[in-house]
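Visitor: pasting a predicted model and its sequence here:
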Number of protein chains: 2
Amino acid sequence: MFPFVIFTLVTLASADYWSERAKLVTSDSSQAIGSSIILSPKEQEVNKILMNHKLKEYDDGFKNPRTFLPSIHFFKSKSGIEQSPVFDFIRKLPKGASLHSHDTALVSLDYLYNLTYRENLYGSVVKNRLQLHFFDKPPTSDWELVADLRSRNTSFDKFLKSQLSIIVDDPSSEYPSINDVWNRFAETFYTVFGLVAYRPVFQDYFYQTLKELYEDNVMYLEFRGLLPQVYELNGTVYNHVGVVQLYLETLQRFKCDYPDFHGARFIFAPSRNVDNKTVEDYVTITKELRQLFPDFVAGFDLVGQEDLGKPLVDFIPQLLELAETDTRFFFHAGETDWGGTSTDLNVFDAVLLNTTRIGHGFALVKHPKILEEVKKRQIAIEISPISNQVLKLVDDLRNHPGAFLVKSGFPVVITCDDPTFWGAKALSYDWYLAFMGFGGREGDLRLLKQLALNSLEFSAMAEDEKCDALAKWEEQWEVFLDGVVGGGKWGLSDWISVNKV
Amino acid sequence: MFPFVIFTLVTLASADYWSERAKLVTSDSSQAIGSSIILSPKEQEVNKILMNHKLKEYDDGFKNPRTFLPSIHFFKSKSGIEQSPVFDFIRKLPKGASLHSHDTALVSLDYLYNLTYRENLYGSVVKNRLQLHFFDKPPTSDWELVADLRSRNTSFDKFLKSQLSIIVDDPSSEYPSINDVWNRFAETFYTVFGLVAYRPVFQDYFYQTLKELYEDNVMYLEFRGLLPQVYELNGTVYNHVGVVQLYLETLQRFKCDYPDFHGARFIFAPSRNVDNKTVEDYVTITKELRQLFPDFVAGFDLVGQEDLGKPLVDFIPQLLELAETDTRFFFHAGETDWGGTSTDLNVFDAVLLNTTRIGHGFALVKHPKILEEVKKRQIAIEISPISNQVLKLVDDLRNHPGAFLVKSGFPVVITCDDPTFWGAKALSYDWYLAFMGFGGREGDLRLLKQLALNSLEFSAMAEDEKCDALAKWEEQWEVFLDGVVGGGKWGLSDWISVNKV
């Protein structure tokens, strides 16, 4: 209960003032994510080390606002982040789960680029946009071996690199509006698609995804995918069932190699820019996949730029049909700066359709009753700081609604969306920006711990599996704490000076 | 009460879905500012006209995001705003009160510039910054008549103009950080000070302020001032009491000329960047002014960049002493993007000191308990959209916390801060940006009406005076409505095609 009802502070003596002030400050921070956590003595020691670094970095930003990394575009802040001891700390921290990322933007850009050195990769430039495909023998003369293009034209490789991400030197002038950056974003998916849909690459790509997460101290993945047709050189094509099987085989192989990685689940997330008949087909496919792979296929979503694609409200009969099965929804909703448009009205349908989590939910703060429902029903909000910045929802992450949601204790998870396309890797860059940008000066180890716990709690795991994952995470957490306080490989001296990305 | 508790929407038939959806949408918008207003038939007619224009403009922005004015820097959006029929409508609408602006940045830039043609004005350039002063005879040879400077050097006038505002061609590169723009902002105050502190100019300036507000259909002003020493050519200097008398005399003259203008009040708002002894002096001055001018001097505030100046917490004993008198506070607090710093912690002290209104309060959304208190105690939040944009708190006004505050029904008033310095005029530019940027697609005449009512309700007027002002405003409102529906001078054809600024 709030300690001030109707009071006459004007008559307070100075001593009373300070005591009332302390109560109000405490009361204000008592809702924040992590505020209910009581740190053990060991955690307190680790927190002290963390906060020494955080406060130095935060207060430097306060003095020199130009240098504060969450307020700088990620294309320009990335190298600065990699110099931060706080980032180093976050990389090593067991972060639990990665719950929102997309099938063909999962790995690091370096790895994606290296895939272009594989044999049998052909390229064809159509309207200044590179198409890629593996062939035994190309079907037309429009296709040329990437190896030949590369050796013949010294500028080709630079062009190729530019086609694999949306990174540019001057994002504000090259992407004047959200539609411009989304256009480039969609084109990039198109180029990458031909590269990664080749079966051997497809499996290596997914294996590498898991490896990069594992190395980033993430133990579990839920990712969204379109289930593209995957091909072999001999013409064999895998349909949706075959593709899921490829994911599962790769996951099993990875878990053999890294037994302490907990696992992964798939969310079928095809394009929202389709007609009702196509959504009916999606429903049929989802039902089939849920029946065949109930433990791996977690549920359903629709993807694509919400401002320009179809809103959820266009597909209510189909989605209600799917809801009648035990399929969970993980809808993208409210990835927008607008208010009262088709995009932010998606949050109404997501909630009414009983979504398990909301992707982005940037517009939630403009809808008080939806906020109330989200908190009451504990619908997790998947926040992707870098994605929201580079896809032009917000410039300065201190102004991201995530700051409100974190300070007001909403069920938030921090996610990475499409790390390849902006040159990030796994989860830590987004976690760093959320910690520094949303958590304010006082957000500490309790915030980080709760974000990790949230990521497991709000996953699609069944309760018994969740218990198991939480127990594993607790073990990792203890090892991490011991490492920080114990020095050596995980010690303070180490995480400041070594292991820069 | 919210209609959904624990419900199984998955079993809803389609018809039920639509009815539940309609309820949720209605429930969500029921908290917004203005939502409790029931429009009269005449108001409904006016609203229809308004919304025809608003929706066209809003939906054009949704399709072409680059063109949406609240997401463009004011230096570049101003001419577009002046072309908007919605802006024309807002200019003519009786807006009630202007509650947050500063003594030497009140008039239009054109008027300020024209003051530099007055006789006896001298200039002196020190470190690339122009100083201005009226002299009978300048005290040193460093001063030269502005008329001579102007005729001798063709580029002087361009330089002079640049010294009277913070307008630049490329704000993002010329002001890389908040400290850079505040530095220029402070320098501009310094230049303007010497120009307006000359007694004849001082009184003309204040008269013009009232006139511009009157012409913008604002009926009442509460403004903050430093009470600078005002001078005559003969060496006479007016102290704080004399300066308040000058304001009062001018106000009385204006009210004689424009009897339907309601009035004005003054808030003593000296620099926050001072020691405790100086704040003690402020307290003494405020007490004296409150005693001499109880109906004109409304209360106290401290001004200057909060990030760099002293926080309220440094002056608690002095401020508690002042609170023991019947002096109201109108503190600037939380004009910042930071969280957990001296700047946003000002909101705690403002609330604990029982402030009547909060200036800016940009950081409020990061403090859940303070938000709760602000709503419970009905502490008005003075939001200045353009100021917050040009002083680099937020680029795109759709991301301003004002959108949350408006949609969640907080006691908001829209204010203009320092219109001279960014080339705005009176209140309408800020109202337009708030209406389009915070109100979302659906914000309508009820929002505008409630903002006008709020401006009177949350003023420092005594209750009987407030009743009188509200009655006057109701009359103006009826005339306005009749004008819009009746055609002619105020009619639709007129407010689209004529009266462009």
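Guide: Received, thanks. Residues are numbered from 1 along each chain as shown, chains lettered A, B, ... in the order given.

Visitor: just the terminal-to-terminal distance for stretch A:98-108.
Guide: End-to-end distance for stretch A:98-108: 15 Å, by Cα to Cα, to the nearest Å.

Visitor: show me where the stretch 51-200 of chain A has helices.
Guide: Per DSSP state H, counting those that start in this stretch, the stretch 51-200 of chain A carries helices over the ranges A:74-82, A:85-92, A:109-114, A:146-152, A:156-163, A:171-174, A:178-196, A:199-215.

Visitor: now the stretch 351-500 of chain A
Guide: Along the stretch 351-500 of chain A, counting by DSSP H, counting those that start in this stretch, helices occupy A:368-377, A:385-390, A:401-407, A:419-422, A:428-437, A:445-457, A:463-486, A:492-497.

Visitor: reformat the ones you listed as TSV; add mean pLDDT, mean neighbour count and distance to residue A:80.
Guide: Where C-beta positions appear, they are placed from N, C-alpha and C, glycine not excepted. Converted to TSV, the helices of the stretch 351-500 of chain A look like this (pLDDT from 0 to 100; neighbours: other Cβ atoms under 10 Å in any protein chain shown; distance: least, Cβ to Cβ, whole Å):
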stretch	mean pLDDT	mean neighbour count	distance to residue A:80
helix A:368-377	98	19	33
helix A:385-390	98	26	14
helix A:401-407	98	26	20
helix A:419-422	98	26	15
helix A:428-437	98	27	10
helix A:445-457	98	23	20
helix A:463-486	96	15	23
helix A:492-497	48	16	15
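
Visitor: which bits of the stretch 151-300 of chain A sit near chain B?
Guide: A:172, A:176, A:177, A:178, A:179 (Cβ under 8 Å from any Cβ of the partner chain).

Visitor: please pick the buried ones from those.
Guide: Among these, those that count as buried by neighbour count (16 or more other Cβ atoms under 10 Å in any protein chain shown) are A:178, A:179.

Visitor: going by distance to chain B, which of the residues of the stretch 151-300 of chain A next to chain B wins?
Guide: Nearest to chain B out of those is residue A:177 (Cβ to the nearest Cβ; 4.2 Å).

Visitor: show me what contacts that closest one?
Guide: Residues in contact with residue A:177 (Cβ atoms under 8 Å, 6 or more residues apart in numbering or on different chains) are A:392, B:64, B:65, B:66.

Visitor: write a ChimeraX command that selects only the buried members of the residues you listed.
Guide: Buried members of those, identified by 16+ other Cβ under 10 Å, are gathered into one ChimeraX selection as follows:
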select /A:392 /B:65
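
Visitor: among the contacts of residue A:177, which two are most distant?
Guide: By the measure Cβ to Cβ, A:392 and B:64 form the most distant pair in the contacts of residue A:177, at 14.1 Å.

Visitor: could you check how far residue A:138 is from residue B:348?
Guide: 68 Å (Cβ to Cβ, to the nearest Å).

Visitor: so where is chain A shaky, pLDDT-wise?
Guide: A:1-12, A:487-501 (pLDDT under 70).

Visitor: domain parsing for it?
Guide: Using automatic domain parsing, the domain ranges for chain A come out as A:92-108+A:203-476, A:112-178.

Visitor: measure the shortest one end to end?
Guide: The first and final residues of domain A:112-178 sit 25 Å from each other (Cα to Cα).

Visitor: go on, the first one?
Guide: By Cα to Cα, the extent of domain A:92-108+A:203-476 from end to end equals 10 Å.

Visitor: select the longest strand from chain A.
Guide: For chain A, the longest strand by residue count, based on DSSP state E, is strand A:218-225.

Visitor: packing partners of it?
Guide: Judged by 3 or more Cβ pairs under 8 Å, 6 or more residues apart in numbering or on different chains; DSSP states H and E, strand A:218-225 is in contact with strand A:96-98, helix A:199-215, strand A:263-268, helix A:463-486.

Visitor: and the angle from the last one to strand A:263-268?
Guide: It refers to helix A:463-486. For helix A:463-486 against strand A:263-268, the angle between stretch directions is 120 degrees (axes from the mean of the first three to the mean of the last three Cα atoms, to 10 degrees).

Visitor: which residues are in contact with helix A:463-486?
Guide: Counting by Cβ under 8 Å, 6+ apart, A:42-43, A:45-46, A:49, A:89, A:92-94, A:96-97, A:217, A:219-220, A:260, A:262-263, A:449, A:452-453, A:456-457, A:459, A:461, A:489-492, A:495 sit against helix A:463-486.

Visitor: hmm, which of the residues you listed are the buried ones?
Guide: Neighbour counting by 16+ other Cβ under 10 Å classes A:43, A:46, A:49, A:89, A:92-94, A:96-97, A:217, A:219-220, A:262-263, A:449, A:452-453, A:456-457, A:459, A:461, A:490-492, A:495 among the contacts of helix A:463-486 as buried.

Visitor: run a quick neighbour tally on whatever residue of the stretch 251-400 of chain A ends up closest to chain B.
Guide: Of all residues in the stretch 251-400 of chain A, the one sitting closest to chain B is residue A:339 (2.7 Å; Cβ to the nearest Cβ). When neighbours are counted by other Cβ atoms under 10 Å in any protein chain shown, residue A:339 registers 25.

Visitor: gap between the closest residue to it other than its chain neighbours and residue B:407?
Guide: In space, residue A:339 comes closest to residue B:440 once its chain neighbours are excluded; the distance is 2.7 Å by Cβ to Cβ, 6 or more residues apart in numbering or on different chains. Remark: distance between residue B:440 and residue B:407 (Cβ to Cβ) = 7 Å.

Visitor: deepest of the domains of chain A, which one?
Guide: Among those, domain A:92-108+A:203-476 has the highest mean neighbour count (mean count of other Cβ atoms under 10 Å in any protein chain shown), at a mean of 21.

Visitor: give me the distance between it and the centre of its chain.
Guide: Put simply, domain A:92-108+A:203-476 sits 7 Å off its chain's centre (Cα atoms, centre = their mean, to the nearest Å).

Visitor: just to revisit the earlier point, dump the helices and strands packed on strand A:218-225 to TSV, plus distance to residue B:19.
Guide: TSV is the format used below for those (distance: least, Cβ to Cβ, whole Å):
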stretch	distance to residue B:19
strand A:96-98	37
helix A:199-215	44
strand A:263-268	29
helix A:463-486	34
